[in-house]
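**Student:** sharing a sequence plus its predicted fold:
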Amino acid sequence: MVVVAQSNGHYDGTRRVLGLIEEDLKIVLQSKSLVVVKPNFVSTYSELSATPVEAVKALLDMISKYYDKEIIITESPAMGSFENGLRNYGYYGLMDEYNVEFIALDDYEGVDFYVWDRNLNRNVKVKVSKLILNSDCLISITRPKTHDTVIVTLTIKNIVMGAIQRGYKSLMHQGYKAINLSLAYLATFMMPSLGIIDGFIGMEGNGPISGSPVESRFAVTGLNPVEVDGITCSLMGFDPSDVGYLYYLNLLGYGSIKPNDMSIIGVKHWTRLIKRFRPHHGYRSQLKWRLRPEEWLKVKDILLKRGKKG
């Protein structure tokens, strides 16, 4: 089940969709011991690239009703420091209202993972923060943005790229085919428990940092982030099957990406909220992630082992 609602503000939309799954969220939270919230600070100098603090406040208001332990807020920005992001985007003020702790993902021990290179050999080593891997309730909250390599960046990519520690993130960029495989593969080790899209204002064009604001006015949430990202793609005017890492996660059994295969609640006619985002100028090239038959034979055994039933 995925929740879609109209949003009249960063706080309003986030709180509205979370309210529609409050009972489910209550059950999830009451059994957890380590809740980690991952906003998106891909750059700590471009406010449009980051998750608005008002959306996180709406999330914390909901969590705090059913979870009385400390909540960790974490990130590893691609540009700038975590502390700069907290300061520049007003996050430090959350400490006055909520039981939160800020921890930089780069301060934790990293675990080695191997992802694919440009020749589709899985020999590129990246380090992933143990904080993400050890969380038993991982929440991804971000705004919808176009992307310069994989068409869109939403709740799943927010987790995966953030979890990769400083100095290793650039190693993920091994071409369109490899990065989509690698994102899907890593996501199976750190799938969020809850995905939230604050789509009051999104980023279109040359995202994820240098794009333009778009008043999209929707919010999405759900306990299955593949579904959350799939419906968000559709709301942005993209075909989710054209997004390689989502295509692979669907193939592996982690969730549906087509609206007709989902249970959608919150609005009667969700298609009325579609706001067609202007894609990145390299959009056509980004579609070239699909593998030739001989390339699929080379990677499928490793990838398919990460299926839910594999």
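**Tutor:** Sure, I can see it.
**Student:** show me where the stretch 101-250 of the chain has its helices.
**Tutor:** For the stretch 101-250 of the chain, helices defined by DSSP state H, counting those that start in this stretch occupy the ranges 130-134, 155-163, 176-187, 225-235, 244-251.
**Student:** now the angle from the third one to helix 244-251?
**Tutor:** By that I understand helix 176-187. Helix 176-187 runs at 50 degrees relative to helix 244-251, counting by axes from the mean of the first three to the mean of the last three C-alpha atoms, to 10 degrees.
**Student:** flag every buried residue along helix 176-187.
**Tutor:** Neighbour counts over helix 176-187 (16 or more other C-beta atoms under 10 Å) mark 176-187 as buried. (Each C-beta comes from the backbone N, C-alpha and C, glycine too.)
**Student:** name the helices or strands packed onto that helix?
**Tutor:** Applying 3 or more C-beta pairs under 8 Å, 6 or more residues apart in numbering; DSSP states H and E, one finds that helix 176-187 makes contact with strand 110-116, strand 122-129, helix 155-163, helix 244-251, helix 293-304.
**Student:** mind redoing it with 10 Å?
**Tutor:** Helices and strands touching helix 176-187, by 3 or more C-beta pairs under 10 Å, 6 or more residues apart in numbering; DSSP states H and E, are strand 110-116, strand 122-129, helix 155-163, helix 225-235, helix 244-251, helix 283-286, helix 293-304.
**Student:** ok, now the fourth one?
**Tutor:** Contact analysis of helix 225-235 by 3+ C-beta pairs under 10 Å, 6+ apart lists strand 2-6, strand 137-142, strand 152-153, helix 155-163, helix 176-187, strand 194-199, strand 218-222, helix 244-251 as its packing neighbours.
**Student:** let me see the mean pLDDT of the fourth one.
**Tutor:** Averaged over helix 155-163, pLDDT sits at 98.
**Student:** contacting residues around the closest residue to I164 other than its chain neighbours?
**Tutor:** With C-beta to C-beta, 6 or more residues apart in numbering as the criterion, I164 has its nearest non-adjacent residue at 5.1 Å, and that residue is V126. Residues in contact with V126 (C-beta atoms under 10 Å, 6 or more residues apart in numbering) are 110-115, 160, 163-165, 167-172, 182, 186.
**Student:** for the buried ones among the residues you listed, write the corresponding PyMOL selection.
**Tutor:** Selection of buried members from those for PyMOL, criterion 16+ other C-beta under 10 Å:
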select buried, resi 110+111+113+115+160+163+164+165+168+169+172+182+186
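**Student:** T146 touches T232, doesn't it?
**Tutor:** No. Using C-beta atoms under 10 Å, T146 makes no contact with T232, being 11.8 Å away.
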